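Asker: have a look at this fold, sequence not included:
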């Protein structure tokens, strides 16, 4: 679930290649009902959204305090039995609250732009 970050050096960027994996199974939107997993199951969309925002806030701290250069969230959509996507397997349902996801992502973009300046 993470996130964590390696320290950058003069010859190496700090990249978090994968973190997240918050899970929420959505009835009628699962590839094979009864057969799914995630790294950290959440009970409902509100819990999922809260945890996503917390993870992304940590990413922002890693950027400003430790020099994190890039981070990749796992994963955009559920894939077969993996229920850790932001979208369901059929891409019909966005699991977390869209406004909250957009707000924290825009905040991180703004922070990264401020770091560059």
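Answerer: That came through, no problem. Quick caveat: nothing in here was measured; it's all calculated off a predicted structure. Residues are numbered from 1 along each chain as shown.

Asker: residue 19 is in contact with residue 2, isn't it?
Answerer: Yes. Using C-beta atoms under 8 Å, residue 19 is in contact with residue 2, at 3.6 Å. (Each C-beta comes from the backbone N, C-alpha and C, glycine too.)

Asker: higher neighbour count, the two?
Answerer: residue 19 (21 against 17; other C-beta atoms under 10 Å).

Asker: helix or strand for that one, which one?
Answerer: Secondary structure assignment for residue 19, by DSSP states H and E: strand 15-20.

Asker: buried set for that strand?
Answerer: Of all the residues in strand 15-20, those buried under the rule 16 or more other C-beta atoms under 10 Å are 16, 19, 20.

Asker: would TSV of the residues you listed with pLDDT and distance to residue 29 be doable?
Answerer: Output for these, formatted as TSV (pLDDT from 0 to 100; distance: C-beta to C-beta, whole Å):
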residue	pLDDT	distance to residue 29
16	90	28
19	92	24
20	92	19
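
Asker: which one of those is nearest to residue 73?
Answerer: Nearest to residue 73 out of the buried residues of strand 15-20 is residue 20 (C-beta to C-beta; 4.4 Å).

Asker: hmm, residue 82 and the closest one touching each other?
Answerer: No. Applying C-beta under 8 Å as the test, residue 20 and residue 82 come out as separate, 11.6 Å apart.

Asker: list residues touching both of the two?
Answerer: residue 75 (C-beta atoms under 8 Å, 6 or more residues apart in numbering).

Asker: max-length helix in the chain?
Answerer: helix 45-66 (DSSP state H).

Asker: could you point out the helix or strand that follows it?
Answerer: Helix 45-66 is succeeded, C-terminally, by strand 70-74 (DSSP H and E).

Asker: quick one: strands adjacent to that next one?
Answerer: strand 15-20 (parallel) (DSSP bridges).

Asker: could you give the angle of the partner strand to helix 45-66?
Answerer: Angle of strand 15-20 versus helix 45-66, following axes from the mean of the first three to the mean of the last three C-alpha atoms, to 10 degrees, is 160 degrees.
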